[in-house]
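Novice: My questions concern the predicted model and sequence given below.
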Amino acid sequence: MVRKFVAGAAIAASLVLPASHALAQQPELKIFNWSDYVDPAVLEEFSKETGVKVVYDTFDQMETVDTKLLAGKTGYDLIVVTASFLPRHIPLKLYAEIDRARVPNLQHMWPEITGRLAKYDSGNRFAVNYMWGTTGIGYNVAKVKQRLGDAPVDSWSIVFDPAKLSKLADCGVHVLDATEEMFPAALRYLGLDPDSKKEADLTKASQLLQKIRPHIRKFHSSEYITALANGDICLAVGYSGDILQARKRAKEANAGVEIAYAIPKEGALMWFDSLVIPADAANKEAALKFIDFVNRPEVAAKNSNFIQYASGNLAAQKHLDPAVLNDPGIYPKPDVIARLYTITPYDERTQRTVNRLWTRVKTGR
Amino acid sequence: MNQRTARKAARRSVGSVRRTCAPWAEPGARPLVEFCSVTKAYGEVTAVDRLSLSIYPKEFFALLGPSGCGKTTLMRMLAGFEAPTSGDILLDGVDVTAMPPHRRPTNMMFQSYALFPHMSVWDNIAFGLKQEGMARPDIKARVEEMLALVRLEALARRRPDQLSGGQRQRVALARSLAKRPKVLLLDEPLGALDRKLREATQFELMDLQADLGLTFLMVTHDQDEAMTMADRIAVMDHGRIVQVAPPEEIYEQPANRYVAEFVGDVTVAEGTVTGIAGDIVRIEAAHFGTLEIDEEEGRARMDAPALVALRPEKLNIGHDEPPQTVNKVRGEIWDIAYLGDFTMMQVKVGGDDGPLVKAAIANRSRRMERPFAWDDIVWLWWDVEAGVLIDP
Amino acid sequence: MSAPPVAGERGRLRAGRVLVLALPYLWLAAFFLAPFAIVARMSLSDSARALPPYAPHWEGLSRLGAFLSALDFENYALLASDTLYLDAYLSSVRLAAFATLLALAVGFPLAYAMARAPRQWQPALLVAVILPFWTSFLIRIYAWIGILRPQGFLDAVAQGLGLTDAPLGIMNTDAAVLIGMVYSYLPFMVLPVYAALERIDRSLLEAAADLGSPPWKSFWTITVPLAAPGIVAGCLLVFIPAIGEFVIPDLLGGPDTLMIGKVLWTEFFSNRDWPLSSAVAVVLLAVLLLPVIVFQRALKAREGSR
């Protein structure tokens, strides 16, 4: 008992003293990122090379970040933000402009991605793409086959055709609880402009969503990962990265659950997670250094290999694990990429309308 | 015990309603309550041990003893809150041993009163009547009668927490009397009252019992209370009854040393019987010399060890040696306690290792000058009727 | 007795006493009234692209007139006009009331058994009731997902016993939300009810029995009325958090589960409509105050009758 206590005290002392010492001298970089979204080795290497201590915090809901930013000070130097939030945040002067001269590795960025990101951040002034992906369909291969036969899952019709979806209702369907994901997909299926802001179009989309609602078990933006992996549901509309994570978990669990991800042939929404520097960041210098560091082609590849997401860095592809590079769920083929679309944010009024429509869809009232 | 005697005399003089009541002695009397070899054991501990007892109609019966003697357990078994481990309990000839409490024709006044705090005085008293399914007008009449009986008419709408201790006691009494129980059980009924109120209430209870013609069974550890109120007292010790008798007998003819010492003050002289002549028994006792007492023939055996109980008020005290040859002892005053109505002296007899003898003198006059002082050498003497032979 | 304090000392004493008395009020003002005022004022604002995301903002006393004139009840009008919100409030009240009744039905016997248990066991039983609080609330709700999900623990048990072949399908329904809420808030019901029951003098029940009342009747005439303050406190402690609950409906509920807490969450986080969500919160507070005021009135009436 006594020895344990002494040992504990010694550890406590060794933790406290050097830390408080270091605080005074060592520069710090405070990063706020999605959970499980970086290779820890990358952070270590950065610290070793630059002498900057990394304080790494994670979130699992973009709303958390959004609220922190809108409320004022965040206390972070570098944040990973989903592109759809940028048009709302940039006019509020929440971010510091990226000094491109200080980030030479931006030359390796993928023009295809940078170009699409510019729709949210005109001139790519504030955001640097970190990872990107799509919003598509994740499904339980065996259960879908059992109910719908051998036809390939390659169209939004499996979701938006009530005749098809109803066959899956008994084994469980989840869709994202996000207007900016579900309305464009519905519009696309209807052959309308996914980026339409017309109330008539949006109403049509919501009517379509109303029709499939009885067959949906849950509207939720993260629970489907576990539910898919456990075999509790057989279909989910979700983010590529999340569904691939569910696929990996199912494989690791080795319980006979096989998950697949499909990008519908009608096209799917692209999403971009981007690095931004808050305007009030205490250590912008270190933030720029970090952006440059993670965009070294080898480092970007290492990171992508680890988390299994597509990098916005083109040069990284040379160093990628072929299993990652050749996975169409991660890196879609060029013809598929061509059919992917992006949307612009709704204005306040439209947003309210869409929210009301969406709430009615969800509650069935 | 001068106090008690004086009080009783005083009551008689103002016209007591109390009758001379001795139903247990009447030929052919049928007991109302019978405990037949009742035992109550809690694991290893035996609270009541093969106890048999009969209580007769219209008796005011007291169970007296120190805490833990089993008196409360015995009463709770009669009320039905505890089941005997063995033995039977008969109430009015009916075996009630297995009857749940709510069916028994007994009512109890709890030591804590156990008044329902969320009900008014009126509702508390009416509670038992409602359980009987009595008609509303009858309930009203009975409650009003009870309120009048305990003089609480004005407080009928109050709740228990708005009453004084004495008022609460009366509500509890009224509630337990409302159903006209065959036996009213009183658990330390006056324990929570202050001394003055207690004395007044004692007589009220006695009057009530006599007026209503009910049978009362009271549990108390207070000998004054038992002596004042009860027609008969059962003195209990370790789950057994040591003596059942009217108060006078308990006091004057204690069955053994335990009773003698529990009820009132006493000095016990230990000795050996050295002579029996008719109803006079002669005893040689260490420190006391020769004692002679008037006893029933056959109580004593020659050469047997004997205990003689001497009550303080029966001893005389004086500076001069009395003329009698026996029943006297010389000693030194160790302590004097002035108690108002009388003075209690403790006299050391037979040298430093001898016993302390208690002697009381009535303070008949108000003169300040006291006849005795600490360290006085005095004589104590008494009549042949003063001492009583007791069992060990 | 010490000498009476001189005038200065007495003044200081009085000031000290005032301070002690004022402290709870200061606390209330700082930690309840002030935040509430902020929320109330926000509810009168309009959603805007600004930092923070509403207008108008306080720009000093000189612009007071402009500030005040920009405030309006538009958000409340919207709450009243859109049946979604009324539905959500009603459905929350219904679910919370149901959860409260169930918690009472489960919690009362539990509290009763605890209060009647041997005295030396009671501390251990109390700890057992509080024990779940030592684990994260979220983890406990996730555990329920494991139990209720299709082919989960409950299905396995039901099928193992041969009760049913098909999945019970409780997960993602209001039933799952009720189970989650009753489970989570049960200690809030058990503790006050236990405290009230434990205080009841057992001799009162003996007295009732002695006066001819059978045990089941004494339960209703003695035990329940005397435990009433604890029962009411327990019901409020369950009802109030349950009505605004959003984590449990989010995790265990399905698309049919409509609760005002979730609506508020969506308005605030997903729709970034801080003013509207503030209005939702203000109305929710009013809805919650109602039972409390009713309870207070009832208590006062009871005191008054004494």
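Specialist: Sure, I can see it. Numbers count the residues shown, from 1 in each chain, chains lettered A, B, ... in the order given.

Novice: burial measure for the closest residue in space to A:Ala281 that isn't next to it in sequence, as a count.
Specialist: Leaving aside its sequence neighbours, A:Ala281 sits nearest to A:Asp77 (Cβ to Cβ, 6 or more residues apart in numbering or on different chains; 4.2 Å). Heads up, the C-betas are built off the backbone N, CA and C, glycines and all. For A:Asp77, the count of nearby residues is 27 (other Cβ atoms under 10 Å in any protein chain shown).

Novice: can you give me phi and psi for A:Asp77?
Specialist: For A:Asp77, the backbone dihedrals (degrees, to the nearest 10) come out as phi -100, psi -20.

Novice: contacting residues around it?
Specialist: A:Glu28, A:Leu29, A:Lys30, A:Ile31, A:Ile277, A:Pro278, A:Ala281, A:Ala282, A:Asn283, A:Lys284, A:Ala286, A:Ala287 (Cβ atoms under 8 Å, 6 or more residues apart in numbering or on different chains).

Novice: neighbours around the fourth one, how many?
Specialist: Read that as A:Ile31. 21.

Novice: Report the mean confidence score over whatever helix or strand it lives in.
Specialist: Assigned by DSSP states H and E, A:Ile31 belongs to strand A:28-34. Average pLDDT, strand A:28-34: 94.

Novice: State the three-state secondary structure for residue 195.
Specialist: No chain was given, so I picked chain A. Here A:Asp195 is coil, with the state taken from DSSP: H, G, I helix; E, B strand; the rest coil.

Novice: Which strands and helices lie in contact with the strand holding A:Ile31?
Specialist: strand A:53-59, strand A:78-82, helix A:284-294 (3 or more Cβ pairs under 8 Å, 6 or more residues apart in numbering or on different chains; DSSP states H and E).

Novice: Note down every partner strand of it and its orientation.
Specialist: Sheet pairing for strand A:28-34, assigned by DSSP bridges, gives strand A:53-59 (parallel), strand A:78-82 (parallel).

Novice: about what we covered before: please tell me how far the residue nearest to A:Ala281 sits from chain C.
Specialist: In this view, A:Asp77 and chain C are 19 Å apart by Cβ to the nearest Cβ, to the nearest Å.

Novice: How are the helices of the stretch 201-306 of chain C distributed by residue range?
Specialist: C:202-210, C:215-218, C:224-243, C:247-252, C:260-265, C:274-304 (DSSP state H, counting those that start in this stretch).

Novice: want to throw the strands paired with strand A:28-34 into CSV with mean neighbour count, distance to C:Leu276 and mean pLDDT?
Specialist: Output for the strands paired with strand A:28-34, formatted as CSV (neighbours: other Cβ atoms under 10 Å in any protein chain shown; distance: least, Cβ to Cβ, whole Å; pLDDT from 0 to 100):
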stretch, mean neighbour count, distance to C:Leu276, mean pLDDT
strand A:53-59, 15, 24, 93
strand A:78-82, 23, 23, 95
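
Novice: what's the distance between C:Asp256 and C:Ala175?
Specialist: Note on C:Asp256: its distance to C:Ala175, by Cβ to Cβ, to the nearest Å, is 11 Å.

Novice: For chain C, what lies in contact range of chain A?
Specialist: By the rule Cβ under 8 Å from any Cβ of the partner chain, the part of chain C lying against chain A is C:47-53, C:82-84, C:87, C:149-151, C:171-172, C:250-251, C:254-256, C:258, C:263, C:266-273.
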